[in-house]
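K.L.:
mind looking at a prediction? Sequence and model below.
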Amino acid sequence: MIIVLDTNILVSGLLTPFGPSGEIIRMVSGGNLVLLYDARVLLEYEEVLNRPKFKFNKEHINTLLDFIKQNGKLVSPLPLKTPLPDPDDEPFLEVSIAGKAKCMVTGNIAHYPAISREGIKIFSPSKFLKYYRKQCEDTEPSAALDRTP
């Protein structure tokens, strides 16, 4: 599934690896999810994850960012038709739209009013996990039919 992660999900996932955001990060590293990004998104990931207050291991951060670059999908977005209240949030929605993301995951859903979304689904981490599992359930019966006894 192709998605966009807001920076707060990466931070939360690294701070609480056994919570919903941590599970999403594991799904990314396991190849179940493909992240869309552009240069602005990667720059924000790097800047925020390297903030001294988080005390994240710099080598781990670099490994994560390299993984995203190698396994994610770089897109070239256009500006939003309807700007967001906070312009710093716009790159994430612009990337979601340009890359035709299945959805975007954020801890700040209110920052993305419906009028600006252009059809992109926006989920909290726990709601995304429910959505993802439902998508998997919906596709499993046909996969079972493809198996030969």
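P.N.:
Received it, and whenever you're ready, just let me know what you need.

K.L.:
could you pull out the strands in this protein for me?
P.N.:
Remark: strands assigned in the chain by DSSP state E are 2-5, 34-37, 73-74, 103-105, 122-123.

K.L.:
please name every helix or strand in contact with the last one.
P.N.:
Okay, so that is strand 122-123. strand 103-105 (3 or more C-beta pairs under 8 Å, 6 or more residues apart in numbering; DSSP states H and E). In short, each C-beta sits where N, CA and C put it, glycine included.

K.L.:
who touches the strand it packs on?
P.N.:
Identification of contacts with strand 103-105 by C-beta atoms under 8 Å, 6 or more residues apart in numbering yields 3-6, 9, 24, 92-93, 96, 112, 120-125, 128, 131.

K.L.:
flag the shaky bits of this structure, pLDDT-wise.
P.N.:
Applying pLDDT under 70 to the chain flags the ranges 140-149.

K.L.:
which of the contacts of strand 103-105 are buried?
P.N.:
By neighbour count, with 16 or more other C-beta atoms under 10 Å, those hold 3-6, 9, 24, 92-93, 96, 112, 120, 122-125, 128, 131 as buried.

K.L.:
so which of these belong to helices?
P.N.:
9, 24, 92-93, 96, 125, 128, 131 (DSSP state H).

K.L.:
what's the burial count for the nearest residue to Glu23 once chain neighbours are set aside?
P.N.:
In space, and not counting its chain neighbours, Glu23 is closest to Leu129: 6.3 Å by C-beta to C-beta, 6 or more residues apart in numbering. Using other C-beta atoms under 10 Å, Leu129 has 17 other residues around it.
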